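Participant: Predicted model and sequence follow; I will ask about them next.
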Amino acid sequence: MKTPIFCLMFAVVPAFFVLTGCNTVPYTGRSQLLMTSEAQEREMGVQAWQSVQNEERISTNPQYNAALTRVGGNIARAVNRPDYVWEFKVFDSKVPNAFCLPGGKVAVYSGLFTYTANDAELAAVVGHEAAHAVARHGGERISQAQMQQIGASVLDATVDDATIKEAYGIGTNVGVMLPYSRKHEYEADYLGLIFMAQAGYDPNAAISFWEKFGTISQTNFFEELFSTHPAGDNRIEELKKKLPEAMAQYQKASVRLGLGQVYGKEITSPTFNRVADKTFADKNLGLQFGYPGDWSLSTSGGAVQVITADQTGQVNFQNALPASRGGKYGSVDDACRQLQEKLRSRTANCRISNQKTVSFGGCNGVAFNSEFELQGKQFKQHMVVLSRPDGSVFHVYSYLAPVAAYDVNLAGADGILKTLKTAGITQPASAAPKAAAGLTSSGQKKAAPQKKNNNTTTINLNSFF
């Protein structure tokens with residue numbers, strides 16, 4: 001995430017800055033060559049902060065402000081910089097952005113709350129931005145800019161054409177400036193992960209946040225070369241490498257908050273009330289999972305359906321028999337192929353993407369995404385087909401929602417998969433030689449009544465399985 005006002009100040013650094021020596025970044029031990037003192041950086045931060053507040057509209061949303069104040073205070077205590085004068089502001093903007101200026105001036109744009117489902121995900125953002133300040137990335141970029149100006153001054157003396165200067169800047173940036181900025185982003189990811197863990201927030205929430213946030217900033221290798229931010233997949237891969245260290249810090253935290261407060265589902269007016277999760281368990285189906293407490297669950301035979309609190313999305317679980325037991329799916333791959341064929345034949349403009357192998361609840365399988373048009377609406381769906389270790393049953397999972405509302409409840413839907421358990425839930429002995437509960441002899445699902453609502457189209461997925 002960028003800090004536009006502060007970055008602009010880098011271009012007008014006073015000439016009196018002198019080399020102050022080397023500094024070591026906390027936790028990483030990386031050496032920095034700095035031409036600024038921390039006092040100078042904090043003063044620039046104060047000036048930039050005032051400029052931002054004069055130019056941006058401060059949000060009056062009490063839920064947003066309360067969340068940032070609550071989470072920001074916890075991160076500030078973890079960072080443990082008593083010389084910082086921390087301030088936390090939410091600015092009204094649809095742009096999902098955030099920044100932290102030197103000295104602890106933290107801003108979050110309201111558009112970012114579209115991608116934060118709970119306090120822990122917000123802590124991942126605030127921790128990341130605070131890390132930029134603690135690691136003095138601003139001062140380091142000023143120093144780099146000063147060095148770059150040495151080369152640019154020769155060009156300035158002879159050529160005034162803005163286009164040529166821009167071309168020179170781009171060439172220099174790709175070679176020197178931007179890779180350092182990308183290093184800063186990776187470093188801030190790591191430090192932010194440590195800070196949120198020390199503040200008592202589950203570091204796994206950083207993964208879930210950046211996975212969601214990455215959907216709006218997918219970057220290929222060529223684009224990443226010209227970007228200050230790492231491509232989404234690269235960022236998440238690096239975070240996962242650091243996760244064990246962060247979890248160790250989390251276990252040592254004086255207070256473990258987990259996800260903290262879980263936010264309301266209406267992004268423009270969140271309730272921010274935490275509702276305790278519920279657990280579904282059925283020995284006959286061999287399924288157990290947790291789901292948000294304000295979601296509604298219904299079962300009929302072997303069909304399990306969970307409707308989101310805002311009734312825009314639905315999660316479906318269904319068992320299916322393999323071909324060896326009278327069902328129609330020969331393998332996990334065969335099940336995915338047949339499901340995809342049905343989606344293509346029964347919907348319009350269907351696109352399949354992101355097929356990959358997965359493992360949940362002790363079962364291996366395959367997941368894929370799809371987008372399609374049905375009943376005049378655009379939908380997005382995530383499907384997972386899992387095989388029990390003994391191959392006796394396939395568990396078929398689906399999360400479906402209109403494209404515009406898909407991300408709103410994605411974290412809750414993913415949580416169902418992440419909490420899935422299949423081992424240790426034994427079926428009654430009398431059911432062992434028969435088809436699994438809720439299945440016909442052909443492995444077809446018995447119809448489940450669909451919950452009606454006025455906010456979205458509820459799709460009957462029975463025939464797809």
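Facilitator: Received the coordinates, thanks.
Participant: need the contact list for the spatially most central residue of the chain.
Facilitator: With distances taken as C-alpha atoms, centre = their mean, residue 209 lies nearest the centre of the chain, 1.9 Å away. For residue 209, the contact set (C-beta atoms under 8 Å, 6 or more residues apart in numbering) comprises 115-116, 121, 124-125. The way it works is simple: take the backbone N, C-alpha and C, and place the C-beta from them, glycine included.
Participant: If we only consider those residues, which is nearest to residue 51?
Facilitator: residue 125 (21.9 Å; C-beta to C-beta).
Participant: Would you check that that closest one makes contact with residue 97?
Facilitator: No: with contact defined as C-beta atoms under 8 Å, residue 125 and residue 97 do not form a contacting pair (9.6 Å).
Participant: When the two are compared, which one has more neighbours?
Facilitator: residue 125 (28 against 19; other C-beta atoms under 10 Å).
Participant: ok, now which ones touch the more buried one?
Facilitator: So residue 125 contacts 1, 98, 108, 112, 116, 192, 209 (C-beta under 8 Å, 6+ apart).
Participant: so is the residue nearest to the centre of the chain in a helix, a strand, or just coil?
Facilitator: helix (DSSP: H, G, I helix; E, B strand; the rest coil).
Participant: For it, give me the pLDDT.
Facilitator: pLDDT recorded at residue 209 is 89.
Participant: do residue 345 as well
Facilitator: The model's pLDDT for residue 345 equals 92.
Participant: Distance check, it against residue 53.
Facilitator: From residue 345 across to residue 53, the span is 56 Å (C-beta to C-beta, to the nearest Å).
Participant: residue boundaries of the strands in the chain?
Facilitator: 21-24, 31-34, 87-91, 98-101, 105-109, 278-282, 287-291, 296-300, 303-307, 314-320, 348-360, 363-374, 377-387, 394-402 (DSSP state E).
Participant: Which neighbouring elements make contact with the fourth one?
Facilitator: Secondary-structure packing of strand 98-101 (3 or more C-beta pairs under 8 Å, 6 or more residues apart in numbering; DSSP states H and E): helix 38-55, strand 105-109, helix 119-134.
Participant: What are the contacting residues of that strand?
Facilitator: Contacts for strand 98-101 (C-beta under 8 Å, 6+ apart): 1-3, 6, 44-46, 48-49, 106-109, 112, 125-126, 128-130, 132-133, 138.
Participant: okay, now the domains of the chain?
Facilitator: Residue ranges for the domains of the chain, per automatic domain parsing: 4-252, 278-464.
Participant: Tabulate the helices and strands packed on strand 98-101 in JSON lines, adding columns for distance to residue 339 and mean pLDDT.
Facilitator: JSON lines is the format used below for the helices and strands packed on strand 98-101 (distance: least, C-beta to C-beta, whole Å; pLDDT from 0 to 100):
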{"stretch": "helix 38-55", "distance to residue 339": "49", "mean pLDDT": "87"}
{"stretch": "strand 105-109", "distance to residue 339": "39", "mean pLDDT": "92"}
{"stretch": "helix 119-134", "distance to residue 339": "31", "mean pLDDT": "94"}
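Participant: Run a quick check on residue 368 versus residue 353, I expect a contact.
Facilitator: Yes: applying C-beta under 8 Å, one finds residue 368 in contact with residue 353, separated by 7.1 Å.
Participant: and the domains of the chain, which one's lowest on average pLDDT?
Facilitator: Across the domains of the chain, domain 4-252 gives the lowest mean pLDDT, at a mean of 75.
Participant: picking up where we left off before, looking at residue 345 and residue 53, which is more packed in?
Facilitator: residue 53 (15 against 8).
Participant: ok, for the more buried one, nearest residue in space, not its chain neighbours?
Facilitator: Excluding the flanking residues, the one nearest residue 53 by C-beta to C-beta, 6 or more residues apart in numbering is residue 89, at 7.0 Å.
Participant: Contacts only, for that neighbour.
Facilitator: Contacts of residue 89 by C-beta under 8 Å, 6+ apart are 53, 58-59, 68, 105-108.
Participant: Buried residues, stretch 243-258. List them.
Facilitator: For stretch 243-258, the buried set under the neighbour-count rule, 16 or more other C-beta atoms under 10 Å, comprises 243, 246, 249-250, 253, 257.
Participant: could I get those residues as JSON lines with distance to residue 396?
Facilitator: Formatted as JSON lines, the buried residues of stretch 243-258 follow (distance: C-beta to C-beta, whole Å):
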{"residue": "243", "distance to residue 396": "29"}
{"residue": "246", "distance to residue 396": "34"}
{"residue": "249", "distance to residue 396": "38"}
{"residue": "250", "distance to residue 396": "34"}
{"residue": "253", "distance to residue 396": "38"}
{"residue": "257", "distance to residue 396": "35"}
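Participant: Relative to residue 308, which of those is nearest.
Facilitator: For the buried residues of stretch 243-258, the nearest to residue 308 is residue 257 (24.0 Å; C-beta to C-beta).
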